[in-house]
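Trainee: no sequence for this one, just the structure:
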Ligand code: SAM
């Protein structure tokens, strides 16, 4: 791993990383390489690109002070641990839960957490199913999700996990403006209110124009949501209506 690039990138974002955090990033990259050599876990990137695209991009809510000390956070569709693992490495006070529908990714994360000496929950399930259980429904201060679905679909995959007063944070690109109307409508149905879009530039990659879509949980999600697994993706709330 290019430790200097990570360190300077975090500094440019105003995020502190102690020696333990930098060592854990290094170890996590090594575990990712080990797994990627035997299975198709995540796209193989150059060292610099992995630091920028995965570690720095994942850290952006910390720059904006969006996650309180000790917050319960769920990473919906975490894949190989993004954005959840960089957030947890930088902020071990966070009570993190990683959720993904693919078991090989959850098994990888369990092994990585043990080897990094970090504690977190791991859930192998579809978001639509987990959000209907008492253990997860409206239990989290924050839901994070990156590269999982359209903004409207994401509202249904994330807001049911969030307590009233909490927030859903979705990583998006410059095209988010096309998705906002549907995302606002979907949020309204699910007990959420879109707060807005915050710029989340990655140092030295400002041309990516990454943003975070922030949706506040302003009331309880009606019991009928989320709909059956697959339906939020096939028929996103808010996308079929006109006006
Ligand atoms: N968030 C990671 C990242 O940014 O690198 C992974 C992104 S990957 C493109 C999408 C992940 O979301 C996959 O691991 C997939 O299994 C998971 N996923 C998609 N829909 C899901 C759902 N309804 N419930 C749980 N996981 C889901």
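Mentor: Sure, I can see it. Being a predicted model, the structure only gives us computed values, none of them experimental.

Trainee: residue 125 contacts residue 101, doesn't it?
Mentor: Yes: Residue 125 is within contact range of residue 101, at 6.8 Å (criterion: C-beta atoms under 8 Å). Placement of C-beta: from N, CA and C, glycine included.

Trainee: okay, and the helix or strand of this protein with the least pLDDT?
Mentor: helix 47-50 (a mean of 92; mean pLDDT, DSSP states H and E).

Trainee: so what touches the helix or strand following that one?
Mentor: Next helix or strand after helix 47-50 toward the C-terminus (DSSP states H and E): helix 57-58. Helix 57-58 is contacted from outside by 82, 83, 84, 85, 86, 87, 146, 171, 200, 202, 210, using C-beta atoms under 8 Å, 6 or more residues apart in numbering.

Trainee: what number of residues lie near residue 218?
Mentor: Residues within reach of residue 218, counting by other C-beta atoms under 10 Å, total 15.

Trainee: how much space between the spatially closest residue to residue 92 that is not a sequence neighbour and residue 80?
Mentor: Excluding the flanking residues, the one nearest residue 92 by C-beta to C-beta, 6 or more residues apart in numbering is residue 118, at 6.5 Å. Separation of residue 118 from residue 80 (C-beta to C-beta, to the nearest Å) stands at 15 Å.

Trainee: packing partners for the lengthiest strand in the chain?
Mentor: Using DSSP state E to define each element, the chain has its longest strand at strand 162-172. Other elements packing on strand 162-172 under the criterion 3 or more C-beta pairs under 8 Å, 6 or more residues apart in numbering; DSSP states H and E are strand 140-146, helix 151-158, strand 192-199, strand 211-217.

Trainee: just say which of the ones you listed is most tucked in.
Mentor: Across the helices and strands packed on strand 162-172, averaging neighbours per residue (mean count of other C-beta atoms under 10 Å) puts helix 151-158 on top, at a mean of 28.

Trainee: what packs against that one?
Mentor: Under the contact criterion of 3+ C-beta pairs under 8 Å, 6+ apart, helix 151-158 touches strand 72-76, helix 127-130, strand 140-146, strand 162-172, helix 176-190, strand 211-217, helix 231-234.

Trainee: try it again at 6 Å.
Mentor: Here helix 151-158 touches strand 140-146, helix 176-190, helix 231-234, going by 3 or more C-beta pairs under 6 Å, 6 or more residues apart in numbering; DSSP states H and E.

Trainee: what residues does that helix touch?
Mentor: Applying C-beta atoms under 6 Å, 6 or more residues apart in numbering, the contact partners of helix 151-158 are 76, 127, 143, 145, 168, 170, 179, 182-183, 186-187, 190, 213, 226, 232-233, 236-239.
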